[in-house]
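# Any chance you can model this:
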Amino acid sequence: MQAHSPAGIPSAHTPRLNSGAWRILLGLLQGLFLYGLYRAAEQRVWPATEFQLFVPLVLAALFVPILLVSGLGHMPRRQLVLWGATVALVLAGLGWYDAWRSADLPLPPLTGQAGAGHARIPGLHRSAYPGWPLVWCSAAGLFIAHSLVMAAVRERRRIAAYATHFDVAWTLGVQLAFSALFTGVGWLVLLLGAGLFELVKLKFLTELLHEEWFAIPVTTFAFACAMHLTDMRPAIVRGIRGLLLALMSWLLPVAVLLVGGFLATLPFTGLAPLWGTRHAAGLLLCAAAVFVVLVNAAWQQGDDAGAVARVVRVAARTASLLPVPLVVIAIHALFLRVRDYGWTGERVGAAACMLVAACYAAGYFQAGLRAGWLPSLARVNIAVAFVIVGLLLALFSPLLDPVRISVASQVARLESGKVAADKFDFAFLRFGGERFGRAALDRLERRPPGPDGTLVRRHIAAVDKMENSWDRDGLAPLPDELAANLRVHPAGAGLPASFLRTDWTSKKDNWEYPECLRGTKQRCDAFVLDADGDGRTEVLVTPQAGPGGVVLALDAQGQWIRVADVVYTLAECERLHRELSAGNVRIVEPRLKDLDIGGIRARLVPADTETGCSMVALPR
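Numbers count the residues shown, from 1 in each chain. Reported below is the predicted structural model:
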């Protein structure tokens, strides 16, 4: 005899009490396996040393046990095992590809080790774990796919009726939310207990909570227990779900008024203010997504329009029409950005979101124009669910890999001349382009000789010295470019050839050097002097357009380094800056000599010294 849920929806299987033991066991095994992977990553032992094996294992360990816990009691054992194995294989493929994109990068060195063998690409390392975009999108895609499969198994059809899809998806969503809440509250209780024991000088529980071998299995165990408890009380879950949907439906009239008012102002304000924000497309897509959620909260299964308040029904019909202009404007905004600046990973992701939003907008618009209580909404929701799953698979596979597409687009813009070499973001290829970007850099470096090829190779050499994507100093100026940056004092003096040949961008903490030493078309004054009276030349460099400066000298290895700073502000020392620019500089003896205190040199600063215009000496 077929069992029925409290909502009257047929259920092929109802959860049995012995499912709890299996769920708890799965939760504990998941925790132990994740802890083993964590330890392998921390200690750099197998399987963490095999990156393209480790990432798929982590993904499978994160999600497959949760699917099995959720499906126990609702799917026949054979189908559940087959579904779990299918998901594991798909996650393994996505994880392998994610790892392959950065497999040529080394792991960062272990703490306290020199990291031998990790300097193949200096300053650039990979994480041992899957990227967060893959983790979050895997969670979203599996939620949708698992709901579709659970509904199909319940009705023993490939595509179940929408009422079953609705019941399974919303029930599963509430279960997951409350399980996460239960796990979080459980940790708060443990932390409270640890705090109480610490009051009496007992720290065993605090220390235990900081142990990964305890924390990871406890978290997965608590989550599995919560999934079982919510599954054993379906009436309570459906009651909470019904209350949540009812409350959300009453937000729909408010959202319609706000978004409708916004759209009504556009003919008067125009679209230019939207383009100036640089995030208009994302906000518009969020508004469309809110409408999709709220319309479904009001419509639910679409079988009882009389139970819905008239104002909510009118708002739902209006809201089904409004996503069209929102999505059209968002698509136009993306088109303008891609036309002017090419594809980036973010824009590829935005395009995928817009495709989903366009499917919803077109389907909901058609439903809103038809008579009745939005009759075609069920078909639209089921169809778009498959579209989302397919898109996520494509985005994290070679088909629509955003990184691959963005690298190809940006390099094509460079090679076609749409963007000049001195304006191109070579750092993106090295730090954000994964193996595609690094392969593009290798290919660009082999470009034929010529002004453009030489400039490209100089840019590539500059990004090769960067430690991270924020370390952007531009090209190291050539000797003649550096000489053009500097106005030398006194008149007729010349800078040492070794000074002009120095690559200041390669210096440690190079941001402490003036920009005129690290780039082109930056102006400074350079004063050739003997600052310490040792008979050797030093150079004082001060920017013409701002305060401050540095004293540069040769070290014992014959390298030019920063030995002192000139610290002042224009507000306090405008005259000092003016005199420096005029070249009025000479060396004078200090009013007070330094002290040698046990081999440590200490400087005496006169009490009447204006600290805003002081020269700060650094150790030589």
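# Walk me through the domains of this protein.
3-107+124-242, 250-395, 402-464, 484-617 (automatic domain parsing).
# Format those domains as CSV; extra columns: mean neighbour count.
In short, each C-beta sits where N, CA and C put it, glycine included. Formatted as CSV, these follow (neighbours: other C-beta atoms under 10 Å):
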stretch, mean neighbour count
domain 3-107+124-242, 17
domain 250-395, 17
domain 402-464, 17
domain 484-617, 15
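# Throw the ones you listed into CSV and include distance to Pro477 and mean pLDDT, thanks.
Below are the domains of the chain laid out as CSV (distance: least, C-beta to C-beta, whole Å; pLDDT from 0 to 100):
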stretch, distance to Pro477, mean pLDDT
domain 3-107+124-242, 25, 90
domain 250-395, 27, 94
domain 402-464, 10, 88
domain 484-617, 5, 79
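# next structured bit after the strand or helix carrying Gly93?
Assessed by DSSP states H and E, Gly93 sits inside helix 77-101. With elements assigned by DSSP H and E, the helix or strand that comes after helix 77-101 is helix 132-155.
# Can you name the element that comes right after that next one?
Following helix 132-155 toward the C-terminus (DSSP H and E): helix 162-199.
# What angle do helix 132-155 and that next one make with each other?
If you take axes from the mean of the first three to the mean of the last three C-alpha atoms, to 10 degrees, helix 162-199 sits at 130 degrees to helix 132-155.
# Please name every helix or strand in contact with helix 162-199.
helix 132-155, helix 204-209, helix 212-231, helix 234-249, helix 377-395 (3 or more C-beta pairs under 8 Å, 6 or more residues apart in numbering; DSSP states H and E).
# And for stretch 178-185, what's in contact with it?
Stretch 178-185 has contacts (C-beta atoms under 8 Å, 6 or more residues apart in numbering) with Thr219, Ala222, Phe223, Cys225, Ala226, Met227, Leu229, Thr230, Val237, Ile240.
# how about that stretch as CSV, C-alpha atoms only?
Provided in CSV are the C-alpha atoms of stretch 178-185 (Å, rounded to 0.1, in the frame of the first residue of the first chain):
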residue,chain,number,x,y,z
PHE,A,178,17.3,24.0,10.3
SER,A,179,20.1,21.4,10.3
ALA,A,180,22.6,24.1,9.8
LEU,A,181,20.9,26.1,12.6
PHE,A,182,20.9,23.1,14.9
THR,A,183,24.6,22.5,14.2
GLY,A,184,25.5,26.1,14.9
VAL,A,185,23.5,26.2,18.2
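# picking up where we left off before, nearest to Leu475, out of the domains of the chain?
Checking these against Leu475 by C-beta to C-beta gives domain 402-464 as the closest, at 5.2 Å.
# I'd like the contacts of stretch 178-185 as a markdown table, with distance to Lys418 appended.
Formatted as a markdown table, those follow (distance: C-beta to C-beta, whole Å):
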| residue | distance to Lys418 |
| --- | --- |
| Thr219 | 50 |
| Ala222 | 54 |
| Phe223 | 50 |
| Cys225 | 58 |
| Ala226 | 54 |
| Met227 | 53 |
| Leu229 | 59 |
| Thr230 | 55 |
| Val237 | 55 |
| Ile240 | 54 |
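# Do you have the strands of the stretch 451-600 of the chain handy? List them.
Remark: strands assigned in the stretch 451-600 of the chain by DSSP state E, counting those that start in this stretch are 486-489, 524-529, 538-543, 549-554, 560-567, 595-597, 600-602.
# what angle do the longest one and strand 538-543 make?
Here the directions of strand 560-567 and strand 538-543 differ by 50 degrees (the same axes, to 10 degrees).
# Check which helices and strands strand 560-567 sits against.
Judged by 3+ C-beta pairs under 8 Å, 6+ apart, strand 560-567 is in contact with strand 538-543, strand 549-554, strand 614-617.
# CA atoms only for that strand, dumped as CSV, please.
The C-alpha coordinates for strand 560-567 follow below in CSV (Å, rounded to 0.1, in the frame of the first residue of the first chain):
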residue,chain,number,x,y,z
TRP,A,560,71.8,50.8,-4.5
ILE,A,561,69.5,50.8,-1.4
ARG,A,562,67.5,53.2,0.6
VAL,A,563,69.4,54.4,3.7
ALA,A,564,67.3,57.3,4.9
ASP,A,565,64.0,59.0,4.5
VAL,A,566,63.1,62.7,4.2
VAL,A,567,59.8,63.1,6.0
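# Quick check: neighbours of that strand in the sheet, parallel or antiparallel?
Under the criterion DSSP bridges, strand 560-567 sits next to strand 549-554 (antiparallel), strand 614-617 (antiparallel) in its sheet.
# ok now that strand, how far from the chain's centre?
What separates the centre of strand 560-567 from the centre of its chain is 37 Å, taken as C-alpha atoms, centre = their mean, to the nearest Å.
# Please apply the same query to stretch 357-373.
The mean C-alpha position of stretch 357-373 is separated from the chain mean by 34 Å, C-alpha atoms, centre = their mean.
# contacting residues around that stretch?
Contact partners of stretch 357-373, identified using C-beta under 8 Å, 6+ apart, comprise 285, 288-289, 291-292, 295, 299, 302, 305, 308, 313, 317-318, 320-321, 323-324, 326-327, 330-331, 374-377, 379-380, 383-384, 387.
# quick one on the thing from earlier: any chance of the helices and strands packed on strand 560-567 in TSV, plus distance to Leu148?
As requested, the helices and strands packed on strand 560-567 are arranged in TSV below (distance: least, C-beta to C-beta, whole Å):
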stretch	distance to Leu148
strand 538-543	63
strand 549-554	64
strand 614-617	67
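# Those: which one's closest to His125?
strand 549-554 (31.6 Å).
# isn't Ser249 right up against Ala298?
Yes: counting by C-beta atoms under 8 Å, Ala298 is a contact partner of Ser249 at 3.9 Å.
# what touches both of those two?
Val308, Val312, Ala316.
# could you dump those to JSON lines with distance to Leu59 and secondary structure?
Formatted as JSON lines, these follow (distance: C-beta to C-beta, whole Å; DSSP: H, G, I helix; E, B strand; the rest coil):
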{"residue": "Val308", "distance to Leu59": "41", "secondary structure": "coil"}
{"residue": "Val312", "distance to Leu59": "41", "secondary structure": "helix"}
{"residue": "Ala316", "distance to Leu59": "38", "secondary structure": "helix"}
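# tell me which of those is nearest to Gly195?
Comparing the shared contacts of Ser249 and Ala298 against Gly195 with C-beta to C-beta places Val312 closest, at 46.2 Å.
# Next up, the contacts around the closest one.
Neighbouring residues of Val312 by C-beta under 8 Å, 6+ apart: Ser249, Trp250, Leu252, Pro253, Ala298.
# still on that earlier bit, dump the domains of the chain to JSON lines, plus distance to Leu478.
Output for the domains of the chain, formatted as JSON lines (distance: least, C-beta to C-beta, whole Å):
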{"stretch": "domain 3-107+124-242", "distance to Leu478": "26"}
{"stretch": "domain 250-395", "distance to Leu478": "29"}
{"stretch": "domain 402-464", "distance to Leu478": "8"}
{"stretch": "domain 484-617", "distance to Leu478": "9"}
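# ok, Phe396 - contacts?
For Phe396, the contact set (C-beta under 8 Å, 6+ apart) comprises Leu94, Tyr97, Asp98, Pro133, Leu134, Cys137, Ser138.
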